[in-house]
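**Q** here is my input, please return the structure:
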Amino acid sequence: TLGETGMRIGEAINLNIEDFDWKTRTLRVAGAKTQAGNRTVFISATAQSLISAHIQSTGRTMVNQSEPLFVSHKMDRETGLVIGARINYSNFRSRIFNVAAASIGLPDLQPHDLRRTAATLLMYSESSHKAIQAQLGHADIRTTLNLYVQATDEIREESVGRMEDLLNPEPDPDEKEKEA
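**A** Numbers count the residues shown, from 1 in each chain. Got it, this is the predicted structure:
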């Protein structure tokens with residue numbers, strides 16, 4: 001979810017079930033440092049399914065809206081029920097995130113890097129700068145563009161191709177027929 005939404009890890013950890021709107025596929029971020037940080041984050045159908053699966057895998061029904069959205073998978077040894085609590089950042093990072101990052105060959109990856117990845121992928125998908133700024137919760141577009149969006153070689157190469165198309169447009173086939 002972090003790599004798709006661009007949310008900060010602390011924002012995701014602090015979400016409650018009431019912040020997840022199944023119908024509109026959104027997450028409501030509140031309590032941020034800035035007004036722009038308090039926002040509605042849109043999620044894909046895939047992220048929606050993953051969040052729902054997480055809730056179900058922890059034996060919750062979404063009835064208690066004040067429960068944390070993301071919880072650890074701690075099991076009660078006697079009952080076998082999940083009794084997980086709100087995810088602790090340090091535990092998550094050392095026990096889950098770092099292990100997963102190392103297993104895919106990225107041992108230096110940090111959760112915040114996924115925020116930059118989301119910004120770059122949104123830019124690559126040709127999302128508007130303002131949409132990316134809103135998704136990340138930045139008050140100033142310069143923060144989004146200067147600190148988060150990375151100019152990959154692929155993006156730069158495509159930009160050159162677009163510039164070439166603008167400077168050297170292909171003749172319109174319909175125009176050729178009219179001239180003949």
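
**Q** residues in contact with Met62?
**A** With contact set as C-beta atoms under 8 Å, 6 or more residues apart in numbering, Met62 has these partners: 17, 20, 55. Using the backbone N, CA and C atoms, a C-beta is placed for each residue, glycine as well.

**Q** neighbour-wise, give me the winner out of those.
**A** Greatest neighbour count in the contacts of Met62, by other C-beta atoms under 10 Å, goes to Phe20: 21 neighbours.

**Q** ok, Val160 - how many residues close by?
**A** Neighbours around Val160, by other C-beta under 10 Å: 9.

**Q** helices and strands around the host helix or strand of it, which ones?
**A** Element membership for Val160, per DSSP states H and E: helix 153-167. Helix 153-167 sits against helix 111-124, with contacts defined as 3 or more C-beta pairs under 8 Å, 6 or more residues apart in numbering; DSSP states H and E.

**Q** next one: phi and psi at Pro68?
**A** Note on Pro68: its backbone torsions stand at phi -60, psi 140 [degrees, to the nearest 10].

**Q** show the pLDDT at it.
**A** We have a pLDDT of 93 for Pro68.

**Q** touching, it and Arg86? I think so.
**A** Yes: using C-beta atoms under 8 Å, Pro68 makes contact with Arg86 at a distance of 3.9 Å.
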